[in-house]
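Visitor: model the following, please.
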Amino acid sequence: MASKAGKPERNDPCHCGSGKKYKHCCQGERSEQLFSRMGIAGIVVAMLLGLVLVGIALSGGEGSRDCPAGTVWSDAHQHCH
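Guide: Purely as a prediction, here's the structure:
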């Protein structure tokens, strides 16, 4: 018997028409699709985080305060003296 939401239960006949029970036919495909989507989302998040970190590294950030030997950073003038 199908659940109230219309999704088949494990022991219902599969909706694809194979004649098998849902648990032996298409139930696994849903979980595989979910894990696939979660994997893709994880890769996208990792790439965006990587781009942000590269952008921070290339913008100078705190690294712009690394002055050559014999000079010091001036907060008032925002450069090395």
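Visitor: low pLDDT regions in the protein?
Guide: Residue ranges of the chain with pLDDT under 70: 1-5, 28-33, 60-64.
Visitor: gap between the most far-flung residue of it relative to its centre and H81?
Guide: The centre of the chain is farthest from one residue, G70, which by Cα atoms, centre = their mean lies 45.3 Å away. Computed as Cβ to Cβ, to the nearest Å, the G70 to H81 distance reads 10 Å. (Glycine included, C-beta is placed from N, CA and C.)
Visitor: quick revisit: and the residue farthest from the centre of the chain, how far is that from Q78?
Guide: 19 Å.
Visitor: just I56 next, same as before
Guide: I56 is 18 Å from Q78, where distance means Cβ to Cβ.
Visitor: what do you get for P68?
Guide: Distance from P68 to Q78, counting by Cβ to Cβ: 16 Å.
Visitor: neighbour count for these two, which is higher?
Guide: Neighbour totals were compared for P68 and Q78, and Q78 leads with 9 against 6 (other Cβ atoms under 10 Å).
Visitor: secondary structure element holding the spatially most central residue of the chain?
Guide: Nearest to the mean C-alpha position of the chain, counting by Cα atoms, centre = their mean, stands G42 at 2.3 Å. Following DSSP states H and E, one finds G42 within helix 27-59.
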